[in-house]
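Undergrad: here's my sequence, what's the structure:
(chains A and B)
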Amino acid sequence: MVPESHYVALSAVLFVMGVVGVLVRRNPLVIFMSIELMLNAANLALVAFGQRHGTASGQVLVFFVMCVAAAEVAVGLAIIVSIFRLRRRLSVDDLSILRW
Amino acid sequence: MALVTFWILAALAVGCAAGLLLRKNPIHGALFLVGNLGSVAGLYLMMRAEFLATAQVIVYAGAIAVLFVFAIMVLIPGKEETGPDPLRPQRWLAVPLAGLLGLEVVLILRSAKLQAPPRPQAVAGGVESVGRLLFTDFLFPFEVTSVLLLVAIVGVIALTRRRAL
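TA: Presented below is the predicted three-dimensional model:
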């Protein structure tokens, strides 16, 4: 039986890698994938903690996180597609429309 | 045996995440993301969370990855990151900052006393207990989720229409 601390340590590593992806990459699609990585790491920690407490509540929470992630990806990709139609470019450094 | 499986799956997950960070081509990144999600699904199986492992494969590795691949094909990016990087010095700052974040996470987790022996309790898991919780204690959030998905569908259609609504 693998101790839960292993899973939590792995989820910490994956979360930090997702943060690095968001900070380093310039392609908004890759940044979105890194956000998915972070959500996934949080899910792993949730399942591990739930297992630790002997309840299935952690798994239910992960189910909700998956729903929110699916909605978030759909809306985010739609925003990226409409920005691409508007600007014909796809780099997050160009996206300063909202800045004044 | 379980420990060996865990280490193999963990190495796969971390390797795929590193591939996502390092490869320039977003299609390769999407494939690495699928590999990462698949190995995390294996970890769910090891924790006796069969429902989540299935949902992970269907929702994440299936639907979300396909959505990403479609978006990549529509947008045809890949040339955006080949040009000169105007913010290169700032980006190198990300590495020490990530190290700092990792240190913080480790410190927080160490204070959580995960090393204590687990309570001798029957491990709840399996599809039945998850479903029972979903339709009793978490019934209201479960129903709200459907509204959330509906809003997402309508929002996506409104956002990607050629003509303004």
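Undergrad: what helix or strand is residue 18 on?
TA: No chain in the question, so chain A it is. helix A:4-24 (DSSP states H and E).
Undergrad: other chain: chain B
TA: For B:A18, the host element (DSSP H and E) is helix B:2-22.
Undergrad: buried stuff in that helix?
TA: Neighbour counts over helix B:2-22 (16 or more other Cβ atoms under 10 Å in any protein chain shown) mark B:6, B:9-10, B:12-14, B:16-17, B:19-21 as buried. For the C-beta atoms, the positions are set from N, CA and C on the backbone; glycine is no exception.
Undergrad: and chain B, is the helix or strand A:V62 falls within touching that?
TA: Secondary structure assignment for A:V62, by DSSP H and E: helix A:57-87. Yes: counting by Cβ under 8 Å from any Cβ of the partner chain, chain B is contacted by helix A:57-87 at A:57, A:59-60, A:62-64, A:66-75, A:77-82, A:84.
Undergrad: break down chain B into its strands, ranges please.
TA: For chain B, no strands turn up when DSSP state E is the criterion.
Undergrad: helices of that one, start to end?
TA: For chain B, helices defined by DSSP state H occupy the ranges B:2-22, B:26-46, B:50-55, B:65-75, B:88-92, B:94-110, B:126-134, B:139-160.
Undergrad: hey, least reliable of those by pLDDT?
TA: Among those, helix B:88-92 has the lowest mean pLDDT, at a mean of 77.
Undergrad: just to revisit the earlier point, pull out the buried residues from the residues of helix A:57-87 next to chain B.
TA: When neighbours are counted using 16+ other Cβ under 10 Å, these contain these buried positions: A:57, A:59-60, A:62-64, A:66-67, A:69-75, A:77-78, A:80-81, A:84.
Undergrad: quick one: contacts for the residue most central in space within chain B?
TA: Per Cα atoms, centre = their mean, the C-alpha nearest to the average position across chain B is that of B:L37, at 6.3 Å. Contacts for B:L37 (Cβ atoms under 8 Å, 6 or more residues apart in numbering or on different chains) come out as A:36, A:40, B:56-57, B:60-61, B:65.
Undergrad: what is the most widely separated pair among those residues?
TA: A:E36 and B:V57 (14.3 Å; Cβ to Cβ).
Undergrad: for B:L107, what are its contacts?
TA: Applying Cβ under 8 Å, 6+ apart, we find B:L107 in contact with no residue.
Undergrad: any idea how far it is from B:L100?
TA: Distance of B:L107 to B:L100, given as Cβ to Cβ, to the nearest Å: 11 Å.
Undergrad: now B:L148
TA: 34 Å.
Undergrad: who has more neighbours, those two?
TA: Using other Cβ atoms under 10 Å in any protein chain shown as the criterion, B:L148 and B:L100 rank with B:L148 on top: 16 against 11.
Undergrad: for that one, which non-adjacent residue is spatially closest?
TA: Spatial nearest neighbour of B:L148, excluding adjacent residues (Cβ to Cβ, 6 or more residues apart in numbering or on different chains): A:A71 at 5.5 Å.
Undergrad: isn't that neighbour right next to B:V154, touching?
TA: No: using Cβ atoms under 8 Å, A:A71 makes no contact with B:V154, being 11.0 Å away.
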